[in-house]
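Visitor: generate coordinates for the sequence data below:
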Amino acid sequence: MFERALAPLAGHRGAEGLEAVVTTEPVERAIAKLPRPPACILLVGDDSDDPADAGRPWRVPVRRLPFYRWRDVQPPTFASDAAWGDLDADGLPDVPVGRLPVRTARELERIVAKIIAYESRPLRADDLRLSVWAGSAMYGEVVDRLANTLLLTTLKNKSPAWLEPWVLLTEASEPPDGAKGDPARAFLDQVRRGGLMTLLIGHASRTSFAASQTTGRWVELTARRAERELEQGEVASPMVIVACDTGDFVDPKARRRSWPGSAPARDATPPAAAPPTPSLGEALLLAPAGPVAVVAATTESHPLPNAYLGRAMLDQMAHPYRRLGTWFLAAQREAAAMRDPLLEATLRDVEGKLEERIDTARLQQDQQLTYAILGDPATRIRLPREMELAVEREQAAWRWRVVSPPSGARVLEVGVRRPAAMPGAFEPVRPPAPDQPWQGTVTGPGVLRVLAADRQNLWVAAANLEPERKAP
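Guide: Now for the predicted structure:
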């Protein structure tokens with residue numbers, strides 16, 4: 001039922017030089033019949049726990065795996081599309097797997113059009129922005145303060161120098177302008193502005209990201225609000241939700257809230273005749289101006305491997321991956337190998353434990369299998385390629401030049417981020433004229449960034465402009 005609606009995406013991938021194999025075989029059999037291992041796997045169709053949906057033509061079953069639990073209310077199994085990418089049966093995915101959780105050809109046409117429109121958009125300076133909304137950890141004042149400090153320190157120390165973060169800490173004393181009254185609106189404004197990608201970090205239920213609870217109400221972004229406010233506009237960049245349940249496309253009856261101190265959900269279970277309530281990840285994917293893809297967990301995720309994942313995602317942004325799935329899989333594999341005794345002592349037991357000692361390795365293995373890519377894992381991302389930048393100090397100024405500018409590229413922007421502005425924006429500096437050498441002069445310390453683009457690639461060069469040290 002989906003072959004005709006999928007054809008434009010297959011043709012689009014073919015035009016990029018990729019071989020797109022479309023099949024209606026069951027997933028395991030389809031993979032086994034390929035002449036060589038795939039680079040990415042895309043499942044097209046939804047799944048459901050409702051027995052009445054067992055024979056639906058749109059149904060593509062997810063795999064169910066045992067869940068390593070740390071709370072007794074957690075389910076014994078979880079849904080994992082990533083497990084289809086475990087080609088050598090070692091319990092870890094070898095290729096990225098995505099899903100378009102659609103039930104009608106019209107829904108599929110909408111998402112395919114989003115992917116093609118996003119990848120066809122001209123490159124621009126805003127493509128190197130990273131917008132982050134981090135909610136309160138809600139584990140107590142000490143841990144909450146540590147979580148905020150850890151986030152800002154990680155962004156400062158792990159981010160590539162060229163990255164331009166925008167950060168909203170819901171409980172910070174000085175959030176960005178306009179964010180205090182309605183944090184969700186402030187974040188959605190950043191989603192609409194665009195960037196490399198956007199991140200939500202906090203607690204969540206299936207249909208809502210929860211940033212904090214103040215004066216008896218939740219500060220949150222719900223699936224319904226995302227649908228309503230992202231109905232019109234340009235397709236947004238990919239989003240990663242580092243939280244629980246928001247990628248659960250399987251269980252439309254789920255209404256549990258998984259964050260600490262959670263109360264019963266406000267919305268009652270809908271009548272049997274009502275359409276299934278989409279998860280937050282599904283709502284964002286299906287919204288016309290929503291993200292082109294959403295990476296989110298299908299069940300509860302633990303704060304310790306989530307913290308490792310955040311670090312690894314920033315690390316992997318320093319490499320020029322071309323595909324969302326390739327980048328995310330590399331980040332997961334790096335996160336699975338991380339160890340930090342202080343972080344583990346702080347976060348390992350913060351949500352309780354069912355054993356005398358939580359098995360961190362099991363938590364990290366599940367981490368790679370519980371996160372789903374709702375979207376095409378072959379979606380192109382705009383991680384830049386590096387240029388060589390030469391910088392020479394001349395008294396209070398620095399002369400810079402790009403060594404061997406890439407053929408056919410043009411300068412998009414030259415900017416400096418001052419030391420006090422991290423995380424923060426780059427101040428524009430006058431770029432060279434189109435017919436002039438790629439060089440110039442800047443004053444004052446900070447991070448110098450030169451950004452360029454050709455028809456398909458972003459190019460970037462960055463250098464630290466250190467202040468002159470006075471003799472003792």
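Visitor: let's verify the closest residue to Gly247 other than its chain neighbours: helix, strand, or coil?
Guide: Leaving aside its chain neighbours, Gly247 sits nearest to Ala296 (3.1 Å; criterion: CB to CB, 6 or more residues apart in numbering). The C-beta positions use only the backbone N, C-alpha and C, and glycine is treated the same way. Put simply, Ala296 is strand when judged by DSSP: H, G, I helix; E, B strand; the rest coil.
Visitor: tell me the spacing between Gly415 and Leu465.
Guide: 12 Å (CB to CB, to the nearest Å).
Visitor: common neighbours of these two, please.
Guide: Contact with both Gly415 and Leu465 is made by residues Leu448, according to CB atoms under 8 Å, 6 or more residues apart in numbering.
Visitor: buried set for the helix ranked longest in the chain?
Guide: Longest helix of the chain, by residue count under DSSP state H: helix 141-158. By neighbour count with 16 or more other CB atoms under 10 Å, helix 141-158 contains the buried residues 143-144, 146-148, 150-152, 154-155, 158.
Visitor: looking at the residues you listed, which is nearest Gly408?
Guide: Lys158 (32.0 Å; CB to CB).
Visitor: any chance you could map the helices in the chain?
Guide: 3-15, 27-33, 105-120, 141-158, 183-193, 223-229, 280-286, 303-316, 324-336, 341-347, 360-370.
Visitor: point out the one among those helices that comes closest to Gly408.
Guide: helix 105-120 (18.3 Å).
Visitor: that closest one packs against which elements?
Guide: helix 3-15, helix 280-286 (3 or more CB pairs under 8 Å, 6 or more residues apart in numbering; DSSP states H and E).
Visitor: could I get the CA-only coordinates of it as CSV?
Guide: Provided in CSV are the C-alpha atoms of helix 105-120 (Å, rounded to 0.1, in the frame of the first residue of the first chain):
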residue,chain,number,x,y,z
ALA,A,105,-0.4,6.7,2.1
ARG,A,106,-1.3,10.4,2.7
GLU,A,107,0.8,10.4,5.9
LEU,A,108,3.7,8.8,4.0
GLU,A,109,3.4,11.4,1.2
ARG,A,110,3.6,14.1,3.8
ILE,A,111,6.8,12.8,5.4
VAL,A,112,8.5,12.0,2.1
ALA,A,113,7.8,15.5,0.9
LYS,A,114,9.3,16.9,4.2
ILE,A,115,12.5,14.9,3.8
ILE,A,116,13.0,16.0,0.2
ALA,A,117,12.2,19.6,1.0
TYR,A,118,14.6,19.6,3.9
GLU,A,119,17.5,18.1,2.0
SER,A,120,16.8,20.5,-1.0
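Visitor: residues making contact with that helix?
Guide: Contacts for helix 105-120 (CB under 8 Å, 6+ apart): 1-2, 4-6, 8-9, 12, 44, 100, 102, 234-235, 237, 285-286, 288, 290, 292-293, 375-376, 379-380.
Visitor: and these, which are buried?
Guide: Of the contacts of helix 105-120, these count as buried by 16+ other CB under 10 Å: 2, 5-6, 9, 12, 44, 100, 102, 235, 237, 285-286, 288, 290, 292-293, 375-376, 379-380.
Visitor: hey, what's the residue nearest to Gly247 bridged with?
Guide: Ala372 (DSSP bridges).
Visitor: so it is in contact with Pro278, correct?
Guide: No. Counting by CB atoms under 8 Å, Ala296 stays clear of Pro278, with 11.9 Å between them.
Visitor: quick one: average pLDDT of the longest helix of the chain?
Guide: Across helix 141-158, the average pLDDT comes to 86.
Visitor: kindly report the same for stretch 357-364.
Guide: 94.
Visitor: report the distance from that stretch to the chain centre.
Guide: 24 Å (CA atoms, centre = their mean, to the nearest Å).
Visitor: ok, and for that stretch, which residues are buried?
Guide: Buried residues in stretch 357-364 (16+ other CB under 10 Å): 358, 360, 362-364.
Visitor: contacting residues for the residue nearest to Gly247?
Guide: Counted by CB under 8 Å, 6+ apart, Ala296 has contacts 240-241, 243, 246-247, 279-281, 371-372, 374.
Visitor: now Leu130
Guide: 159, 163-166, 195-199, 317.
Visitor: also Trp84?
Guide: Contacts of Trp84 (CB under 8 Å, 6+ apart): 27-28, 31, 41, 43, 63, 97.
Visitor: and which of the residues you listed is nearest Val442?
Guide: Of the contacts of Trp84, the one sitting nearest to Val442 (CB to CB) turns out to be Val97, at 45.0 Å.
Visitor: wouldn't that closest one be in contact with Pro377 here?
Guide: Yes. At 6.5 Å, Val97 and Pro377 qualify as touching, with contact defined as CB under 8 Å.
Visitor: tell me, what's touching the two both at once?
Guide: In contact with both Val97 and Pro377: 40-42, 325, using CB under 8 Å, 6+ apart.
Visitor: between those residues, which sits nearest Ala396?
Guide: Using CB to CB, the shared contacts of Val97 and Pro377 come closest to Ala396 at Gly325, 46.8 Å.
Visitor: would you map out the domains in the chain?
Guide: 122-266+274-361, 385-465 (automatic domain parsing).
Visitor: who wins for proximity to Pro51 among those domains?
Guide: domain 122-266+274-361 (12.2 Å).
Visitor: ends of the closest one, how far apart?
Guide: 42 Å (CA to CA, to the nearest Å).
Visitor: same deal with stretch 116-134?
Guide: 30 Å.
Visitor: what's the most buried one of the helices of the chain?
Guide: helix 280-286 (a mean of 28; mean count of other CB atoms under 10 Å).
Visitor: which other residues reach it?
Guide: By CB under 8 Å, 6+ apart, helix 280-286 touches 100-101, 107, 110-111, 204, 206-209, 221-224, 226-227, 230, 239, 241, 246-249, 278, 290-291, 293-294, 296, 372, 374-375.
Visitor: so how far is it off the chain centroid?
Guide: Counting by CA atoms, centre = their mean, helix 280-286 comes out at 13 Å from the chain centroid.
Visitor: mean confidence score for it?
Guide: pLDDT averaged over helix 280-286 gives 97.
Visitor: so the helix or strand of the chain with the lowest mean pLDDT versus helix 141-158, what angle?
Guide: Least confident helix or strand of the chain, by mean pLDDT, DSSP states H and E, is strand 208-214 with a mean of 80. For strand 208-214 against helix 141-158, the angle between stretch directions is 130 degrees (axes from the mean of the first three to the mean of the last three CA atoms, to 10 degrees).
Visitor: test my guess that Leu168 contacts Trp133.
Guide: Yes. The pair Leu168 / Trp133 is scored as a contact, 4.6 Å apart, by CB under 8 Å.
Visitor: identify the contacts common to these two.
Guide: Joint contacts of Leu168 and Trp133 (CB under 8 Å, 6+ apart) are 183, 186-187.
Visitor: turn these into CSV, columns for distance to Gln436.
Guide: Compiled in CSV, those are given as follows (distance: CB to CB, whole Å):
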residue, distance to Gln436
Pro183, 44
Ala186, 39
Phe187, 39
